[in-house]
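A.B. asks: Test case, fold it:
(one chain, ligands or ions: 2)
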Amino acid sequence: MRLSLKTKFTLATSLLVLAVVTVVSTLYLARLMRQTLRQANETASFVAQQVFDASRDALKEAAERGEAPASSDTADVRNYVRHAFDNSSTLNSLIESDMGISPTIIEITISDADGRVLVSSDATLRDEKLAMRPPISSLVRGGLFQEMRELYGPAQTYEFSLPFQLGDQPFGDIRVGLSSALIRGQILPGLETAGEWALGSVVVSTLLALLVSTIALAPIGRISAQLDRISAGQFDAEPVVERSDELGAVSTKIVGIGKQLRDVREIFSTLRENLDQVMSGLEDGLLLFNAQGRAVLVSPSVEKFLGKQPREMQGRRVGEIFPARHPLRGALKIEGDQIAPAEGKEVTLEGSAGPRRVGVIAQPIGERGVRMGTLVTLRDVESRERIGRIGSELQVSERLAALGRVTAGVAHEVKNPLNSMRLWLEVLKANMPIEPEPQQAVRMLDSEIDRLDRAVKTFLNFTRPVELKLEETELRGLLEEVLDAARPSITKAGLALHADLPAESPVALVDRQLIHQAVLNLLLNACDFTDPGGKITLGLRREGEFAVISVQDSGRGIPPEDQKKIFQLFFTTRPGGTGIGLANTFRFVQLHNGRIEFESETGRGTTFRVELPLARMAEAPAAKEREVGQTLAAEKR
Ligand SMILES: Nc1ncnc2c1ncn2[C@@H]1O[C@H](COP(=O)(O)OP(=O)(O)O)[C@@H](O)[C@H]1O
Ligand SMILES: [Mg+2]
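C.D. replies: Ligands and ions are numbered 1, 2, ... in the order given. Predicted structure coming up:
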C-alpha cells in the first residue's frame, strides 16, 4: 500500500500527539491513583483513631460504673470488655456514623488479640474470627504498576489496623476494611475525564495536521500536475508555483527542463524524419532488431525481398518475420529470437518475378561491449552487378548528400542550445562564489563548450553543400600547381620529391579548386607522416576510363587498427591535428564520382590512389551531381 505524503504527514502528527497524550495521561493517572489511595489510607487512619478514643472512653465509663472483670482470666476480661463496648452508645453510634464518612470503607471492627470480633459495623461478624487482610499501607508504598494490578485485578479487601492495649498487655486491634473495587470507583470519574481529553486532543490534532498538510502540500500537487503535462508533451511557459521558497525554485527548474526537453524532442523528430527520408532512398533492405529480437526499424525496400509490408513487420519478433523453414533462417543462423553475425552470405529467394539472388549481412550493434541489437541488410546481388560501378558510386555520393542533410540538421539544433548554455554560464560566472573549486568547474565548462562549438562549426562547414564548378581540365597542369603549393612544406620536412607526370595529360571534368585541395591534403599528410630523408612520389596516368592520381610516401604508414577510421571527420593521430583533411579529400573525390583507396604498410610507407572518370565518361554523372547540389542548396534555405 502506498501512502500519500499528506496521509503520512497527518498520520505522523497524530501518532506523535497520541504518544504525548498517552504519556501525560499515564502520569496523571498515576498521580490520581496515588492521591486516592493516600486519601483512603488517611481517612481509615482517622476513623481508626476516633474509634480508638471512643473505646477508651467506653472502658473508662464502665470502670466509673464500678464494673470489673470477674477474674483476670482472658475469657472474663474479654467478656468484660465486650460488655463495656456494647453498653457504650457513643462508641456504637460513632461506628455507625463513621461508616458514612467515606464510600471506600466497607466495615469497621474491633477484634481481640486472636482476631475474634468484639464489635463490628457488620453484626453478622460478631464473635467470628476475622482473617488477616493485606494492609492498605502496602498498596500506598507500591509502584504504579503494582497499584494498577491490585486495583484493576479481582476485587479485594484491604484494611487499616490500629493495635491497642489493656493495661500494658496488647489486647486487640481496631480494623477498618477498605474495598479495592470501591477505591477504583473513586478514580473512575477522573479517568474518564482524562480519556475524553486525550481522545479530543488526538482528534483535534489530526484535523489540524490534515489542514496544515493540505495547505502546505498544495503546491506539490500543482508541480506534479506540471510534470504530468511535461511527460504528455505539453510544456508550461511559466512556473506553476510563484513563490520564493524551495517549491518555487523547483517549479522554475521544471519549466527550464521542459524547455530543454522540447528542444531535444524537436531534434529527435527532425532526425527521425531525415532517417525515414534516407531509408526510403535505400536500395538495400534494412531490418534493425533490438536486443530482445524485435524489429524496431524496417526500411521500405524490405518489402521487395520478403514480400511483406514493412508496417506489418514493425515490432514483430525474429521468429515471426522469419518463420520455420524460411530460406533466410539458415543464413542468419536463427535460434529462438537471436540472430548470429553473418557476412557475405548469398541466398535465393522466391519472389513474384521469379527467383532472386540476395546477399545477406547481419551485424551486431553494441555500445561499450553491450550488445544492443542486430542490423540485417538484404542486398539485391544481380541488379547491383548490372548497375555496375559508376551507378553505385553515384549512389554513394547521393547517400553522402542525404546524410549531410541529416547531420547538418542536427548540428544546427546543437548550436542553439550551445549558445544558450554559454549565456547561462556567463550569468553563473557573475554570481559565482570565489572558492577555487566552482571557479575551476566553470572554466572547465567554458572550455568544453568552446571545443564543442568549434567542432560544430567545422562540422557545419563540412556538411555545407558544395556547388561544383566543373570544367574540362588537363590534370597534369593542375597537379603542377598543387606541387608548387606543397613544395615549401616538402622542403621543410626534408623530403625528396619525385613527380611522375606524363607528357600527354588525361583530361577530366572537375572542379579545379576542389581537386587541388584534395591532392594537396594528401601531399601535406605525406609530409606530416614521413621522417626527414624520406621520399614522396606524385604520379598521374590513364587506366581505362579513369585518370589515376597517386601520392606515395616512404613514411611510417597507417597502423591496421586505424585504417578504417582515417576518412572519418575529426579522426587524427597527429598532435595538433584536426582530422578534417582526409574527410574533405574523400568527399571531394566522391562528388566527382571518383574513388579513393590506399595501401599502407607500417614502417614502409603509404600510397593513396585517386581515380577520376575521364571527361568523355564523366558527362552524364556530372549532370546528376549538379542535381544533388541543387537539392542541397534548396534544403539549406
Ligand atoms: N600519409 C600518411 N601516413 C600515415 N598516416 C596517415 C597518412 N595520411 C593520413 N594518415 C592518418 O590519418 C589521420 C587523418 O588525417 P587527416 O584527416 O589529414 O587529419 P590530420 O592531418 O589533421 O591528422 C592522420 O592523423 C594519420 O593518422
Ligand atoms: Mg592532414
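
A.B. asks: Torsion angles phi and psi at the residue of the stretch 351-500 of the chain found nearest ligand 2?
C.D. replies: Shortest the stretch 351-500 of the chain-to-ligand 2 distance, computed as CB to the ion: residue-wise this is Ser489, at 11.0 Å. For every residue, glycine as well, the C-beta is placed using N, CA and C. Here is the backbone geometry of Ser489 (degrees, to the nearest 10): phi -70, psi -40.

A.B. asks: shift numbering so it begins at 413
C.D. replies: Taking 413 as the first residue, the last one we looked at is Ser901.

A.B. asks: Phi first, then psi, for the residue of the stretch 563-712 of the chain found nearest ligand 2.
C.D. replies: Ligand 2 sits closest to Val690 of the stretch 563-712 of the chain, with a gap of 28.8 Å, by CB to the ion. For Val690, the backbone dihedrals (degrees, to the nearest 10) come out as phi -60, psi -40.

A.B. asks: Quick check: it vs Leu683, distance?
C.D. replies: 10 Å (CB to CB, to the nearest Å).

A.B. asks: returning to that earlier point: which ones are touching the residue of the stretch 763-912 of the chain closest to ligand 2?
C.D. replies: 935-936, 939 (CB atoms under 8 Å, 6 or more residues apart in numbering).

A.B. asks: again, but for Gly993
C.D. replies: With the criterion set at CB under 8 Å, 6+ apart, Gly993 makes contact with 933, 936-937.

A.B. asks: tell me, which of the residues you listed make contact with ligand 2?
C.D. replies: Asn937 (CB under 5 Å from the ion).

A.B. asks: Near ligand 1, list only the ones from the contacts of Gly993.
C.D. replies: Contacts with ligand 1 are made by 933, 937 out of the contacts of Gly993, judged by CB under 6 Å from any ligand atom.

A.B. asks: quick check, nearest of the contacts of Gly993 to Val963?
C.D. replies: Asn937 (8.2 Å; CB to CB).

A.B. asks: residue of the stretch 613-762 of the chain with the smallest distance to ligand 1?
C.D. replies: Ligand 1 sits closest to Val690 of the stretch 613-762 of the chain, with a gap of 24.7 Å, by CB to the nearest ligand atom.

A.B. asks: Tell me the buried residues within the contacts of Ser901.
C.D. replies: Among these, the ones that count as buried by 16 or more other CB atoms under 10 Å are 935-936, 939.

A.B. asks: I'd like to know which of those residues are part of helices.
C.D. replies: 935-936, 939 (DSSP state H).

A.B. asks: Now render the residues you listed as CSV, adding pLDDT.
C.D. replies: Shown next, in CSV, are those (pLDDT from 0 to 100):
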residue, pLDDT
Leu935, 97
Leu936, 96
Cys939, 96
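
A.B. asks: Tell me the one of these nearest Leu830?
C.D. replies: The closest of those, once distances to Leu830 are taken by CB to CB, is Leu936, at 30.5 Å.

A.B. asks: Do I have it right that the closest one meets Ala898?
C.D. replies: Yes. Using CB atoms under 8 Å, Leu936 is in contact with Ala898, at 6.5 Å.

A.B. asks: mind listing the strands for the stretch 713-862 of the chain?
C.D. replies: 754-763, 766-779, 782-792 (DSSP state E, counting those that start in this stretch).

A.B. asks: Show me what from the protein comes close to ligand 2.
C.D. replies: 937, 993.

A.B. asks: Now the chain against ligand 2: closest residue?
C.D. replies: Gly993 (3.2 Å).

A.B. asks: Which helix or strand lies directly C-terminal to the helix or strand hosting Ile902?
C.D. replies: Element membership for Ile902 (DSSP states H and E) is helix 887-904. Downstream of helix 887-904, the first helix or strand assigned by DSSP H and E is strand 908-912.

A.B. asks: What residues sit buried inside stretch 601-612?
C.D. replies: So, applying 16+ other CB under 10 Å, buried residues of stretch 601-612: 602, 606, 610.

A.B. asks: Domain parsing of this structure, as residue ranges.
C.D. replies: Listed by automatic domain parsing, the domain ranges of the chain are 417-608, 693-874, 877-1048.

A.B. asks: got those as a markdown table, with distance to Glu654 columns?
C.D. replies: Converted to a markdown table, these look like this (distance: least, CB to CB, whole Å):
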| stretch | distance to Glu654 |
| --- | --- |
| domain 417-608 | 21 |
| domain 693-874 | 21 |
| domain 877-1048 | 43 |
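
A.B. asks: Mean pLDDT lowest where, among the ones you listed?
C.D. replies: Mean pLDDT is lowest for domain 693-874 among these, at a mean of 78.

A.B. asks: tell me how far the ends of that domain are from each other?
C.D. replies: End-to-end distance of domain 693-874 (CA to CA, to the nearest Å): 22 Å.

A.B. asks: for stretch 986-999, same thing?
C.D. replies: Terminal residues of stretch 986-999 lie 21 Å apart, using CA to CA.

A.B. asks: same deal with stretch 512-525?
C.D. replies: One end of stretch 512-525 to the other measures 27 Å (CA to CA).

A.B. asks: May I see the buried residues of that stretch?
C.D. replies: Neighbour-count burial for stretch 512-525, counted by 16+ other CB under 10 Å, picks out 514, 516-524.

A.B. asks: I'd like to know which of the residues you listed are part of strands.
C.D. replies: Among these, the members found in strands (DSSP state E) are 517-524.

A.B. asks: And for Phe941, the neighbour number?
C.D. replies: 19 (other CB atoms under 10 Å).

A.B. asks: my bad, Ser501
C.D. replies: Counted with other CB under 10 Å, Ser501 comes out at 9.

A.B. asks: and what of the one 3 residues further on?
C.D. replies: For Asn504, the number of neighbouring residues by other CB under 10 Å comes to 16.
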